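1. Structure of the sequence below:
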Amino acid sequence: MLDALTPGRPWDRTGGRQARRSPLGRPRAVWYKNVVARRDESRLVYSTGGLPAAEKPAPAAPAGPNRIRIRLDRRASNRVVTVIAGLPGSAAEIAGLARSLKLACGAGGTLKDGSLELQGDHRDKVEAVLAAAGLKSKRSGG
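-> Purely as a prediction, here's the structure:
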């Protein structure tokens, strides 16, 4: 069995001193290897799920009348943001339209959850640019 004079555990092989461990519990010398297995390098041992499901494309904009709504939001510390919701088209077309609107208004902005947010009150300029592009818009809110 285990001798009282033998330090450590019989399976330890370190003679009682413990090797430094990584956050994942592996010895420090090899902890960085194979931390995250790549998809092509993973060795699946058992699975009942079959092949992984292919990613589904993002749903297209709903058919019917597109309603572009322009509203003004007031954020923390009294900042004003113009929000344009309901922009038609694919993600690439919306990104192109967002860029042209930001250039026309001379302001920064971002796309969040399918709506465009422009920094500042630019409702008049946005309506003019959308009308020039042949898109009908409507103001909402106060």
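
2. Please count neighbours and contacts with C-alpha atoms only from this point.
-> Will do.

3. how about low-confidence regions in this structure?
-> 1-44, 46-47, 50-54, 56-66, 142 (pLDDT under 70).

4. try 90 this time
-> By pLDDT under 90, the low-scoring segments of the chain are 1-67, 75-77, 87-91, 112-114, 133-135, 140-142.

5. As a check, name the ranges of all helices in it.
-> 91-105, 123-132 (DSSP state H).

6. If you count contacts, what does the longest one end up packed against?
-> The contact analysis (3 or more CA pairs under 8 Å, 6 or more residues apart in numbering; DSSP states H and E) places helix 91-105 against strand 109-112, helix 123-132.

7. out of these, which comes closest to residue 84?
-> helix 123-132 (8.5 Å; CA to CA).

8. any idea where the strands of this protein begin and end?
-> Assigned strands in the chain, in chain order: 68-74, 80-85, 109-112, 115-119, 137-139 (criterion: DSSP state E).

9. Of all these, which one is nearest residue 95?
-> strand 109-112 (7.8 Å).

10. Show residues contacting the closest one.
-> Outside strand 109-112, the residues within contact range by CA atoms under 8 Å, 6 or more residues apart in numbering are 95, 98, 102, 116, 117, 118, 119.

11. Chain neighbours aside, what residue packs nearest to the second one?
-> With CA to CA, 6 or more residues apart in numbering as the criterion, residue 98 has its nearest non-adjacent residue at 6.7 Å, and that residue is residue 116.

12. Next: the first one.
-> In space, residue 95 comes closest to residue 111 once its chain neighbours are excluded; the distance is 7.8 Å by CA to CA, 6+ apart.

13. how close does that neighbour get to residue 123?
-> Going from residue 111 to residue 123 by CA to CA, to the nearest Å gives 16 Å.

14. rewinding a little: would you format the helices of the chain as JSON lines with distance to residue 71 included?
-> Output for the helices of the chain, formatted as JSON lines (distance: least, CA to CA, whole Å):
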{"stretch": "helix 91-105", "distance to residue 71": "15"}
{"stretch": "helix 123-132", "distance to residue 71": "7"}
